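>>> Predicted model, plus sequence, below.
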Amino acid sequence: MLKLKNTMLKLSKRTGTAVISTKAAILGVCVTLGMAGNSALANVECSLDGEPLSGEVRFFSSGGTYGESLEKAFFIPFEEECGVKVIPVSSKRTFQQLLEMRDAGHYQYDVGSSNGREFPLGIEEGLYAKLPDNFWDELDGIMIEAGTSDYGAWNTTYSQVVAYSTERVAEGFGDNGWADLWDVEKFPGKRTLYDSPYSLVFALIADGVAPEDIYPLDYDRAFAKLDEIKPHVLFWWKKGDQPVQGILNGEVVAASAWNGRVSSRVFAGEPIANSWKNHFFMNGWNVVMAGSPNERNAIALLHYMQNAKGQAKQAELTQYLGANKAAFDLLQPEIASALASAHLNVDMAHVAYSPEWWTPNGQEAQKRWNEWRAE
């Protein structure tokens, strides 16, 4: 049985954001996965008020294979069981456009994805509907607490990890996580890193900063460490498949990468692996747009999407999971162990994305990153 130990994540019910909790790490708060009863594995009821549903609901996501997984895991069964047509919506949009959409009273969608940086801002701006008081009642005890909020629920959990070739690096690579990625003397070969200020976090970890001390970011220390690795970076990747493809075609020996991209290649039998040491843990949220024309159906769909069967199905398709711990009971061990939320423990000492820091400081971090990259 998998265990989620020393979660290091607490939830602020006011904003619904996950924050680092050193105290939780010290006390070793343990949450055992898969201890929910059989009822937790069944689909939740269609509506919270017991009244029938009808009509439609529009769901926003990034589309692609992720959108396809949503349809298979949730939308099709929700339509069949609850009688509501789910219309997928996929388009690029900014947070400012969300505000303009709200102000104009024109909603492109009723429910859908909000990234970690947007989530607290959306709550402050009144963009998201506050969920009914009984929303989490029947799910009490089977959800990862940090993945639940008065304003939404985790849609995915994922991490930036150290990925490497199992054929082209020496034994022991990855034992020290990001420090090994930086150690080009002991583990020679070209690297690739994410073209993002998130790489500042990786640099600080490689330089010995403890996960609980990452924030606020020390820019000078991070860029000094990045200066060390810069000559060994063959390219800075922007698209998720680039680092794993670079490893598999022999361009680089190691990289930062999204865990799901790595595990999909591992399952395909490719010579690639990743270290979970000090992984950078992140999550997205699903939220209901306040005042949308199908708000009741949107709340019903969001509630339905917390069922373990659907979340397990999505994890099988994408290697990304929501917050229902009972979903682990339905997964094959190799899939369960590839999920980021299975590695929130002291041994791996993960670093949590902090919206409290990134939301107010993200633009400045991006500006400094762009300037450094241009040097």
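That came through, no problem.
>>> any idea which helix or strand of this structure has the worst average confidence?
Ranked by mean pLDDT, DSSP states H and E, the weakest helix or strand in the chain is helix 22-27, scoring a mean of 27.
>>> which residue ranges form the strands in this protein?
Using DSSP state E, the strands assigned to the chain run over residues 3-5, 9-11, 18-20, 30-32, 56-60, 85-89, 111-114, 153-165, 191-194, 233-237, 254-258, 272-288, 351-352.
>>> Generate JSON lines for those, with mean neighbour count, mean pLDDT and distance to Leu331 as supplementary columns.
Quick note: C-beta positions are derived from backbone N, CA and C, even for glycine. Compiled in JSON lines, those are given as follows (neighbours: other Cβ atoms under 10 Å; pLDDT from 0 to 100; distance: least, Cβ to Cβ, whole Å):
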{"stretch": "strand 3-5", "mean neighbour count": "18", "mean pLDDT": "34", "distance to Leu331": "14"}
{"stretch": "strand 9-11", "mean neighbour count": "19", "mean pLDDT": "36", "distance to Leu331": "21"}
{"stretch": "strand 18-20", "mean neighbour count": "24", "mean pLDDT": "34", "distance to Leu331": "22"}
{"stretch": "strand 30-32", "mean neighbour count": "14", "mean pLDDT": "35", "distance to Leu331": "15"}
{"stretch": "strand 56-60", "mean neighbour count": "22", "mean pLDDT": "98", "distance to Leu331": "24"}
{"stretch": "strand 85-89", "mean neighbour count": "16", "mean pLDDT": "97", "distance to Leu331": "24"}
{"stretch": "strand 111-114", "mean neighbour count": "24", "mean pLDDT": "95", "distance to Leu331": "23"}
{"stretch": "strand 153-165", "mean neighbour count": "26", "mean pLDDT": "96", "distance to Leu331": "14"}
{"stretch": "strand 191-194", "mean neighbour count": "24", "mean pLDDT": "98", "distance to Leu331": "28"}
{"stretch": "strand 233-237", "mean neighbour count": "17", "mean pLDDT": "98", "distance to Leu331": "29"}
{"stretch": "strand 254-258", "mean neighbour count": "27", "mean pLDDT": "98", "distance to Leu331": "19"}
{"stretch": "strand 272-288", "mean neighbour count": "24", "mean pLDDT": "96", "distance to Leu331": "17"}
{"stretch": "strand 351-352", "mean neighbour count": "26", "mean pLDDT": "94", "distance to Leu331": "23"}
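>>> of all those, which lies closest to Ile214?
When the strands of the chain are compared for distance to Ile214 using Cβ to Cβ, the nearest one is strand 351-352, at 5.5 Å.
>>> how distant is the closest one from the center of its chain?
Remark: strand 351-352 is offset 11 Å from the chain centroid, using Cα atoms, centre = their mean, to the nearest Å.
>>> That one pairs with which strands?
strand 272-288 (parallel) (DSSP bridges).
>>> pLDDT weak spots in the stretch 1-150 of the chain?
1-44 (pLDDT under 70).
>>> so where do the helices sit in it?
Ranges of helices in the stretch 1-150 of the chain, per DSSP state H, counting those that start in this stretch, are 22-27, 64-70, 76-82, 95-104, 118-124.
>>> for the stretch 201-350 of the chain, same thing?
Using DSSP H, counting those that start in this stretch, helices in the stretch 201-350 of the chain cover 219-229, 242-248, 259-267, 295-304, 308-318, 333-336.
>>> In JSON lines: those, plus mean pLDDT and mean neighbour count.
Shown next, in JSON lines, are those (pLDDT from 0 to 100; neighbours: other Cβ atoms under 10 Å):
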{"stretch": "helix 219-229", "mean pLDDT": "98", "mean neighbour count": "17"}
{"stretch": "helix 242-248", "mean pLDDT": "98", "mean neighbour count": "23"}
{"stretch": "helix 259-267", "mean pLDDT": "94", "mean neighbour count": "21"}
{"stretch": "helix 295-304", "mean pLDDT": "97", "mean neighbour count": "23"}
{"stretch": "helix 308-318", "mean pLDDT": "95", "mean neighbour count": "22"}
{"stretch": "helix 333-336", "mean pLDDT": "94", "mean neighbour count": "15"}
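>>> quick one on the thing from earlier: now the strands of the chain as TSV including distance to Asp227?
Formatted as TSV, these follow (distance: least, Cβ to Cβ, whole Å):
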stretch	distance to Asp227
strand 3-5	36
strand 9-11	32
strand 18-20	27
strand 30-32	40
strand 56-60	40
strand 85-89	43
strand 111-114	35
strand 153-165	19
strand 191-194	13
strand 233-237	11
strand 254-258	17
strand 272-288	20
strand 351-352	21
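>>> what's the closest of those strands to Asn294?
Using Cβ to Cβ, those put strand 56-60 closest to Asn294, at 4.6 Å.
>>> Minimum distance to Gly63: which of the helices of the stretch 201-350 of the chain has it?
Closest among the helices of the stretch 201-350 of the chain, using Cβ to Cβ: helix 308-318, at 12.9 Å.
>>> Could you check the angle the closest one makes with helix 295-304?
Using axes from the mean of the first three to the mean of the last three Cα atoms, to 10 degrees, the inter-axis angle of helix 308-318 relative to helix 295-304 is 80 degrees.
>>> which other residues reach helix 308-318?
Here helix 308-318 makes contact (Cβ atoms under 8 Å, 6 or more residues apart in numbering) with 36, 40-43, 65-66, 68-70, 72-74, 77, 142, 156, 260, 304-305, 320-322, 324, 326-332, 335-336, 339.
>>> Now which of those residues would you call buried?
Buried by 16 or more other Cβ atoms under 10 Å: 36, 40-41, 43, 66, 69-70, 73-74, 77, 142, 156, 260, 304-305, 320-322, 324, 326-331, 335-336, 339, out of those.
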